[in-house]
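Novice: what's the 3D shape of this:
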Amino acid sequence: MVRCGALSSDWLPTFAAVDRAAFLPDRFWPFDVTRQSSGVLVEREVDPDAWYAAADGDVPIVTQWDDGRHRGDDPGRVATSSSSMPSVVWSLLRELSVEDGMKVLDVGTGTGETAGALTHRLGHGRVTTVEVDAAVSAHARERLCRLGLYPEVVVGDAVQGAFASGQYDRVLATVGVREVPEAWIGQTRDGGVVLVPWGTHFTGGDAMVRL
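Specialist: Prediction:
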């Protein structure tokens, strides 16, 4: 991660302390670079070597299909929760430019890994993470607590904003948008930063926008 420029030196202690594998479920679908799809189920009990290899790999991993309604081993229709590529996660954290004492709003809790990294870096009471899916949020909270990391975990629609913690120095979204919600800008202090995957309606591709 350091060699490819994704991980900056100030995040090294957090990278060592916050293990991606601790936030992953026992069953998931890692992205297959060869097939360009998330089509092969990996289970920890069945093949622990493959499970840990995927967890340690620089690939995105689907952790939930179809808002949790999916059953079976084949992929579902729509990936509704995932673990981003580690190189992407740590690049985002690098670009966020956090400093001690800052407060951060993390939009899209997912597995909880990003909220965990931010909490490890900034400390108790500095991170609020928001997730629209109650089940996904509950699983993330459990994993965070197991590691002794306690961000404020909120279930709700982050687009609506107006959370109890007030304004933030940084807003980080890991969910793609086609326009930046006014609520995120309104909850950012003067001189703060909003970092978000943004794209147009004409393509599924996103670019990271730093406002």
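
Novice: Tell me the secondary structure of the residue of the chain most remote from its centre, please.
Specialist: Distance to the chain centre peaks in the chain at Val46, reaching 26.3 Å (criterion: Cα atoms, centre = their mean). Under the three-state scheme (DSSP: H, G, I helix; E, B strand; the rest coil), Val46 adopts coil.

Novice: And the one 3 residues further on, by the same measure?
Specialist: In terms of secondary structure, Asp49 is helix; the call rests on three-state DSSP.

Novice: low-scoring stretches of this structure, by residue?
Specialist: In the predicted model, the chain carries pLDDT under 70 at residues 33-38, 161-165, 200-201, 203-205.

Novice: Grab the longest helix from it for me.
Specialist: Ranked by residue count under DSSP state H, the longest helix found in the chain is helix 134-146.

Novice: right, and the helix or strand after that one?
Specialist: strand 152-155 (DSSP states H and E).

Novice: And Tyr168, how far from Arg189?
Specialist: 7 Å (Cβ to Cβ, to the nearest Å). Quick note: C-beta positions are derived from backbone N, CA and C, even for glycine.

Novice: Which one's more surrounded, those two?
Specialist: More neighbours surround Tyr168 than the other of Tyr168 and Arg189, with 23 against 14 (other Cβ atoms under 10 Å).

Novice: what's the closest non-adjacent residue to the more buried one?
Specialist: Leu105 (4.4 Å; Cβ to Cβ, 6 or more residues apart in numbering).

Novice: Got phi/psi on that neighbour?
Specialist: Phi and psi for Leu105, reported as degrees, to the nearest 10, are phi -100, psi 120.

Novice: what's near enough to touch His120?
Specialist: By Cβ atoms under 8 Å, 6 or more residues apart in numbering, the residues touching His120 are 13-14, 17-18, 149.
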